[in-house]
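1. Below: sequence and its predicted model.
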Amino acid sequence: MVARPAGMKRNKSRLEVFIVASFAFAVVLLVFARTMLWGGEDATKPLPLASRPFLFSGINDTLTGAMEREADQLASVGLSTNARVAFVSVIVAEEGKTYWKSRSGASDMHLCVLAAKIENLRKHIVGRVPYDIVVVTDRHDPALETQLAALGAILVVTDVLSVVDDSRAAGRIECCDRSSDWKFFRANLIKVAVFGLTGYDKVVYLDLDVFLTRINGRETDVDQGLYQKTEEQLVAASGSAAPMAGGQLFIRPTRAAFALMVKLMNEGFSKARGWGNRGWLVGEAGGSVAWPTVDCERLPHYCGDEMRRDEWVFFDAAGDQGLIYATFHNGLESYKEEASYDTMKKECPSIHWYGVGKPWEVEMEEWHDHPKFKEFWEAWERVEGEGVGELLKDTKCAAILNKTYTDKVATSSSIVAGR
């Protein structure tokens, strides 16, 4: 027997370790590749939150690169301000041509509404935790950018709607017999970008027609409550048209949630199989309704003995609610807290003018001095009184709102009482 040099044994041990490690790595790669495909028999099974393979996997290279850059851009928002919390609203440029013009008489009404919204937030947010006000849109608007910069807010331009546009063009979106339905369905999906704002610990999403208020002396305090909780990916109240209402959300942004939303939009939507055509079910098993607050008159297929939990009918303005619900309840299984409206009101006291009947819809009805619009008109007073109105002096929206205020609001006891 020939004795081996002492170093040869060590080298052999290293070689054995290398072989074992290489084999283990190969196994991991095989599992990774299978997960990246994310289809076949396991397509309906959710992935654990810690799994990264679905981050922009399974979509074409061009879209993957674009969405990776999009995610990086969204993640950078707020890093320079050191804010931990962001209050975010969204606006789609296309609305300026139709919605704003038809209901308010001014296609630039979004400029005035956002100015009032920012004044409203500044008034009612209290606490020492630094926060940002962020507006997400789908098209660069120089006038809006200038205004928001002057007001200390951040404008973010996102390209996420191109994903659902491409899916619809390819026939992967089964939705909306009327063009108006598609407009609302599409516009609400811009909320996907909000879930990519990972530079913040907490994002409070508020629809543009949600204004803060004071309830029983309580303001929106960023030093406590849900603003400091980080374990939940999403906290939302259930709605009547969907298992989750989308007008007010507490979000802990993650790249995983943003990426899954992009993937589901890319894979498409059908009434029979939902987002990503995965066959996920709506609501919970058992009981007489799919979720406690469902409107059975409007959505009878989610109620009673004939319940069809495999149907996804969140069209029109509820399209985003279905996507967000599918992402967190079915996909990530991290929809950990379903708050009641009372809880949401306690954490973020607000008033929501959903549907028709917003204070700036001056072309619609004679309701502008209704007391429920007090927060908007008080905010508009501050816009004009603090010099912000100078930014808007050449806008049509300012002229319309000032005239409405002078003619119908300033003399109304229901608005000015109690000041």
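-> On my side now, so go ahead.
2. For the rest of this, base every contact and every neighbour count on C-alpha atoms.
-> Will do.
3. what about the helix or strand G65 falls within, distance to the chain center?
-> Assessed by DSSP states H and E, G65 sits inside helix 61-76. How far helix 61-76 lies from its chain's middle: 17 Å, per CA atoms, centre = their mean, to the nearest Å.
4. Determine the set of other helices and strands touching the following helix or strand past it.
-> Remark: after helix 61-76, the chain's next helix or strand is strand 85-91, criterion DSSP H and E. Packing partners of strand 85-91 (3 or more CA pairs under 8 Å, 6 or more residues apart in numbering; DSSP states H and E): strand 131-137, strand 202-206.
5. helix or strand right after the shortest one?
-> Later in the chain than strand 202-206, the nearest helix or strand by DSSP H and E is strand 210-212.
6. burial count for N330?
-> Neighbours of N330 under the rule other CA atoms under 10 Å: 20.
7. Just confirm it is within a helix.
-> Yes. N330: assigned to a helix according to DSSP: H, G, I helix; E, B strand; the rest coil.
8. Turn the helices and strands packed on strand 85-91 into CSV, including distance to D177, mean neighbour count and mean pLDDT.
-> What follows is the helices and strands packed on strand 85-91, written out as CSV (distance: least, CA to CA, whole Å; neighbours: other CA atoms under 10 Å; pLDDT from 0 to 100):
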stretch, distance to D177, mean neighbour count, mean pLDDT
strand 131-137, 26, 22, 96
strand 202-206, 28, 23, 95
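9. would a markdown table of these with distance to N120 be doable?
-> Formatted as a markdown table, the helices and strands packed on strand 85-91 follow (distance: least, CA to CA, whole Å):
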| stretch | distance to N120 |
| --- | --- |
| strand 131-137 | 11 |
| strand 202-206 | 12 |
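10. between the ones you listed, which gets nearest to R308?
-> strand 202-206 (30.6 Å; CA to CA).
11. Mind listing residues that contact that closest one?
-> Strand 202-206 is contacted from outside by 84-89, 194, 197, 227-228, 230, 247-253, using CA atoms under 8 Å, 6 or more residues apart in numbering.
12. Quickly run through the sheet partners of that strand, with directions.
-> In the sheet, strand 202-206 lines up against strand 85-91 (parallel), strand 248-251 (antiparallel) (DSSP bridges).
13. and these, which one's lowest on average pLDDT?
-> When the strands paired with strand 202-206 are ranked by mean pLDDT, strand 248-251 comes last with a mean of 92.
14. Report the mean per-residue pLDDT for whatever helix or strand comes next after that strand.
-> Where DSSP H and E defines the elements, the next helix or strand beyond strand 248-251 is helix 255-267. Here helix 255-267 scores 92 as its mean pLDDT.
15. contacting residues around the helix or strand that comes right after helix 255-267?
-> Downstream of helix 255-267, the next assigned helix or strand under DSSP H and E is strand 269-270. By CA under 8 Å, 6+ apart, the list of residues contacting strand 269-270 from outside reads R172, I173, E174, C175, W275, G276, N277, W312.
16. try stretch 170-178
-> Outside stretch 170-178, the residues that reach it (CA under 8 Å, 6+ apart) are V164, S167, R168, W182, E267, G268, F269, S270, K271, F315, D316.
17. Check the residues you listed and tell me the two furthest apart.
-> E267 and D316 (18.9 Å).
18. burial count for L161?
-> L161 has 21 neighbouring residues, counting by other CA under 10 Å.
19. dump the residue contacts of it.
-> D138, R186, L189, I190.
20. which one of the residues you listed is nearest E386?
-> Nearest to E386 among those, with distances taken as CA to CA, is D138, at 29.3 Å.
21. just checking, that closest one touches R186?
-> No. D138 is beyond contact range of R186, at 11.4 Å (criterion: CA atoms under 8 Å).
22. Can you tell me, leaving aside adjacent residues, what's nearest to M307?
-> Leaving aside its chain neighbours, M307 sits nearest to H301 (4.9 Å; criterion: CA to CA, 6 or more residues apart in numbering).
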